[in-house]
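*Asks:* have a look at this prediction, sequence included:
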Amino acid sequence: MTTKWSAPAVIARLRLLRVLEAAPIDSAAASTKLRLIEITDQVDNGAIPTEQAEQLLSGLTDQLERRRNPQ
């Protein structure tokens with residue numbers, strides 16, 4: 001059984017994928033990709049709600065963007 005993803009969670013997921021696509025291939029990007037897969041599986045299995053997934057995905061995106069563009 002798959003869970004219906006909320007629109008904000010889908011947007012967060014797509015945003016993360018876009019950032020990952022532009023990121024250099026390194027251990028941080030690989031780790032983030034694995035975490036994306038874990039979060040997706042958790043939502044699809046009903047282990048976490050899509051609202052929580054949205055927050056987790058947004059956090060991962062922010063971390064990856066900060067690593068790419070340190071201030």
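*Replies:* Good, I have the coordinates.

*Asks:* what's near enough to touch the spatially most central residue of the chain?
*Replies:* Averaging the C-alpha coordinates of the chain gives a centre point, and the residue nearest to it by Cα atoms, centre = their mean is residue 57 (3.4 Å). Contacts were defined as Cβ atoms under 8 Å, 6 or more residues apart in numbering; by that measure residue 57 touches 9, 12, 13, 15, 16, 36, 39. For the C-beta atoms, the positions are set from N, CA and C on the backbone; glycine is no exception.

*Asks:* which of the residues you listed lies closest to residue 68?
*Replies:* residue 16 (12.7 Å; Cβ to Cβ).

*Asks:* where does the protein have low pLDDT?
*Replies:* In the predicted model, the chain carries pLDDT under 70 at residues 1-3.

*Asks:* all helices of it, in order?
*Replies:* Here the chain has its helices, by DSSP state H, at 7-22, 27-44, 50-68.

*Asks:* can you list the buried residues in the longest one?
*Replies:* In this case it means helix 50-68. For helix 50-68, a neighbour-count test (16 or more other Cβ atoms under 10 Å) marks 50, 53, 54, 56, 57, 58, 60, 61, 64 as buried.

*Asks:* nearest to residue 30, of these?
*Replies:* Using Cβ to Cβ, the buried residues of helix 50-68 come closest to residue 30 at residue 64, 11.4 Å.

*Asks:* would you format the contacts of residue 57 as TSV with distance to residue 26 included?
*Replies:* TSV is the format used below for the contacts of residue 57 (distance: Cβ to Cβ, whole Å):
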residue	distance to residue 26
9	26
12	22
13	21
15	20
16	16
36	15
39	20
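
*Asks:* no further questions, thank you.
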